[in-house]
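Novice: Could you look at this predicted model? Sequence included:
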Amino acid sequence: MSERNETVARMLAADAPAGRDFAFQLAVMAKIEQRRFQRRMILNIALTLAVTLLLALLMPGLEPVLWQAVSGIDPGLTAALVVSASLVLPWLATRRA
């Protein structure tokens, strides 16, 4: 019976999966993350260019309206609102649902 167990043990050992190659796994994960990063960067650049183009087209018509809207507001408050918006809007755009 022990010879049969040894035979079965050898057969099972022959079919055992190879050990994990952590260097390979790390390389694959790095490539996946690099592709995700590149996709996100391309999306961010495309959105930035689109918004810039849109603002360039709309600003001549919006400028008088904006000047009239902010004429009664303190310049310090206006600057604080612009800085706050520039900090909060990218955070909102990248937040996941």
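Specialist: Yep, that arrived. Residues are numbered from 1 along each chain as shown.
Novice: can you list the weak-confidence ranges in the chain?
Specialist: For the chain, applying pLDDT under 70 flags the ranges 1, 16, 18, 96-97.
Novice: which residues touch the residue nearest to the spatial centre of it?
Specialist: What sits nearest the mean C-alpha location of the chain, by CA atoms, centre = their mean, is residue 40, with 4.8 Å. By CB atoms under 8 Å, 6 or more residues apart in numbering, the contact list for residue 40 is empty. All C-beta spots, glycine's among them, are computed from the backbone N, C-alpha and C.
Novice: so where does it fall, helix or strand?
Specialist: Counting by DSSP states H and E, the element that carries residue 40 is helix 22-70.
Novice: Determine how far the helix or strand following that helix lies from the middle of the whole chain.
Specialist: Moving toward the C-terminus from helix 22-70, the next helix or strand (DSSP H and E) is helix 75-94. How far helix 75-94 lies from its chain's middle: 21 Å, per CA atoms, centre = their mean, to the nearest Å.
Novice: One more: stretch 30-44?
Specialist: Remark: stretch 30-44 is offset 7 Å from the chain centroid, using CA atoms, centre = their mean.
Novice: Okay then, goodbye and thanks.
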